[in-house]
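K.L.:
Let me see the structure of the following:
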Amino acid sequence: MSDTTTDRGSDTFGFIRRNMRQYGILFALVIIMAFFQVVTGGILFRPVNLTNLFLQNSHIVIMAVGMLLIIVAGHIDLSVGSVAAFVGALAAIMIVKMGLPVPLVVVLSLVAGALIGAAQGYWIAYWKIPSFIVTLAGMLVFRGLTMWALQGQSIGPFPKEFQMIASGFIPDVFGPDKPNTLSLILGWGAALVILWLQVRNRKRQEAVGIADEPFAFFVGKNALIFVALAWMTWALANFRGLPNVFIVMAVLVALYSFISERTTLGRRIYAIGGNEKAAKLSGINVERITFLTFVNMGMLAALAGLVVSARLNSATPKAGVGFELDVIAAVFIGGASMSGGVGTVIGAIVGAFIMGVMNNGMSILGIGIDYQQVIKGLVLMAAVIFDVSNKRKS
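P.N.:
Residues are numbered from 1 along each chain as shown. Take a look at the predicted model:
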């Protein structure tokens, strides 16, 4: 009996060691959240602070899913912060000064972001100019265009309809009483769907004999995720409900997880990042896929710009400064490889929330921005060192 228990334990630890890139970052998030929950005296998990955590980091999460595909394909995009600021400025001009309807402005803004991504992706994909150079130029160009468009001034306020993008909450169609019933249905329903998908995937793996994850670890991991989602939904539903931007993030995470893991396009992006020459020889249109990843990134940067402008209720010349660093850091901390071909959407989101929890927790503790930058830099460096050491072992 003891031998069987020992074997199961060794299998579990062996599985964790083999998948440290995937699970290590999740363990890190749990530890960091537990640490700040203790040192802040329970403030971190209060519903109002959880809501602020989602609202303040929504733009990073939105851009992280696009940046992941860029980095997996072996490239980088330094212009996302400037593009977000520029599109936010365009939206402000169209809404406040030109009086265009909000739905039309949202569509035009996303199209503008996609066109910016296409302009940069064209030189990277078809002219083979390094993405670092092209997007560095883009960062400078669109930062300058933002200041030119705004003439050094902030433009606002926005109508309530636009503000609802970032600061609105899901209305409770069943009545105003707490908890927000619709939020509970959506949140608990999503938790059940995630659990069902995991169980179904496990059964499929067992049917073909490729389920290498120990059963006890599988049960524990999914039980923890389900309980965490259910509790978070309950806490938010008893406050103001699920934020609108939370639904946007959830839809994007689900969509891009499906694209990256379940579609031919996703597999081709990973193949390009793993070995571009081999991918090209196998018949993959490397140029077109690279081009599309930058178009996608531009559109998501535009969406992030709309969210930030809606949350701040104005477009400012300084908007988006440093966003690219937080987004890139989130993707690398989430387990993506510097050389491409490795990384997951869920990992990038976890990385984004690690950055967000650290920012939020250190702000609650009154730690100065100077020390915050040092600590975040050290965390990013540790993630890169971890990636390099894993490659040397393999």
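K.L.:
Which residue is the nearest non-sequential neighbour of I269?
P.N.:
A73 (5.2 Å; C-beta to C-beta, 6 or more residues apart in numbering). For glycine as for every other residue, the C-beta is placed from the backbone atoms N, C-alpha and C.
K.L.:
residues touching that neighbour, list them.
P.N.:
Listed by C-beta atoms under 8 Å, 6 or more residues apart in numbering, the contact set of A73 reads I269, I272, G273, I289, T290, T293, G340.
K.L.:
Dump the helix or strand where the second one lies to CSV, restricted to CA.
P.N.:
This points to I272. Mapping I272 onto the secondary structure by DSSP states H and E places it in helix 264-274. Once side chains and other backbone atoms are set aside, the C-alpha atoms of helix 264-274 remain, and they are given as CSV (Å, rounded to 0.1, in the frame of the first residue of the first chain):
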residue,chain,number,x,y,z
THR,A,264,-4.8,24.8,-38.2
LEU,A,265,-4.0,28.5,-38.1
GLY,A,266,-2.9,28.2,-34.4
ARG,A,267,-0.7,25.2,-35.1
ARG,A,268,0.9,27.0,-38.0
ILE,A,269,1.8,30.0,-35.9
TYR,A,270,3.5,27.7,-33.4
ALA,A,271,5.3,26.0,-36.3
ILE,A,272,6.6,29.3,-37.7
GLY,A,273,8.0,30.2,-34.3
GLY,A,274,9.5,26.8,-33.8
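K.L.:
Show residues contacting that helix.
P.N.:
Residues external to helix 264-274 that are found in contact with it (C-beta under 8 Å, 6+ apart): 69, 71-74, 259-260, 278-279, 282, 284, 286, 289-290, 293, 339-342.
K.L.:
May I see the PyMOL selection of the buried members of those residues?
P.N.:
Only the buried entries of the contacts of helix 264-274 go into this PyMOL selection, using 16 or more other C-beta atoms under 10 Å:
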select buried, resi 69+71+72+73+74+259+260+279+284+286+289+290+293+340+341+342
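K.L.:
from the contacts of helix 264-274, which ones fall inside helices?
P.N.:
Restricting these to those inside helices, with DSSP state H as the criterion, leaves L69, I71, V72, I259, S260, A278, A279, V286, I289, T290, T293.
K.L.:
So for this protein, the centremost residue is which one?
P.N.:
Using C-alpha atoms, centre = their mean, the residue of the chain that lies closest to the mean C-alpha position is V61, 2.7 Å off.
K.L.:
which residues touch that one?
P.N.:
Shown in contact with V61 (C-beta under 8 Å, 6+ apart): M249, L252, V253, I349, A352, F353.
K.L.:
buried sites along stretch 192-209?
P.N.:
In stretch 192-209, residues buried by neighbour count (16+ other C-beta under 10 Å) are L195, R202.
K.L.:
Pull the distance from that stretch to the chain's centre.
P.N.:
Going by C-alpha atoms, centre = their mean, to the nearest Å, the spacing between the C-alpha centre of stretch 192-209 and its chain's C-alpha centre is 25 Å.
K.L.:
residues in contact with that stretch?
P.N.:
Residues outside stretch 192-209 that contact it (C-beta under 8 Å, 6+ apart) are A211, E213, F218, N222, I225, F226, L229.
K.L.:
from those, which is closest to A237?
P.N.:
For A237, the nearest member of those is L229. The distance, counting by C-beta to C-beta, is 12.1 Å.
K.L.:
Which two of the ones in helices among the contacts of helix 264-274 have the greatest separation?
P.N.:
Between any two of these (C-beta to C-beta), the greatest distance is 21.7 Å, for I259 and A278.
K.L.:
The stretch 151-300 of the chain: helices as residue ranges?
P.N.:
Under the criterion DSSP state H, counting those that start in this stretch, helices of the stretch 151-300 of the chain are mapped to 160-167, 181-207, 215-237, 244-262, 264-274, 276-281, 286-312.
K.L.:
counting contacts, what elements does the fourth one pack onto?
P.N.:
Okay, so that is helix 244-262. Under the contact criterion of 3 or more C-beta pairs under 8 Å, 6 or more residues apart in numbering; DSSP states H and E, helix 244-262 touches helix 47-72, helix 160-167, helix 264-274, helix 286-312, helix 345-364.
K.L.:
So what's the residue count around I185?
P.N.:
Using other C-beta atoms under 10 Å, I185 has 16 neighbouring residues.
K.L.:
could you check the distance from it over to L242?
P.N.:
Between I185 and L242 the computed distance is 10 Å (C-beta to C-beta, to the nearest Å).
K.L.:
same thing with P101?
P.N.:
Relative to L242, and taking C-beta to C-beta, P101 is found at 26 Å.
K.L.:
try A89
P.N.:
Taken as C-beta to C-beta, the span from A89 to L242 is 29 Å.
K.L.:
how about low-confidence regions in the chain?
P.N.:
By pLDDT under 70, the weakly predicted segments of the chain are 1-22, 387, 390-394.
K.L.:
Pull the most distant pair out of the contacts of V61.
P.N.:
Within the contacts of V61 (distances taken as C-beta to C-beta), the two that end up farthest apart are L252 and F353, at 14.2 Å.
K.L.:
Identify all contacting residues around whichever strand or helix holds A330.
P.N.:
In the assignment (DSSP H and E), A330 maps to helix 323-333. Taking contacts as C-beta under 8 Å, 6+ apart, the residues outside helix 323-333 that touch it are 25, 59-60, 63-64, 67-68, 71, 76-82, 84, 139, 304, 338, 343, 348, 351-352, 354-355, 376, 379-380, 383-384, 387.
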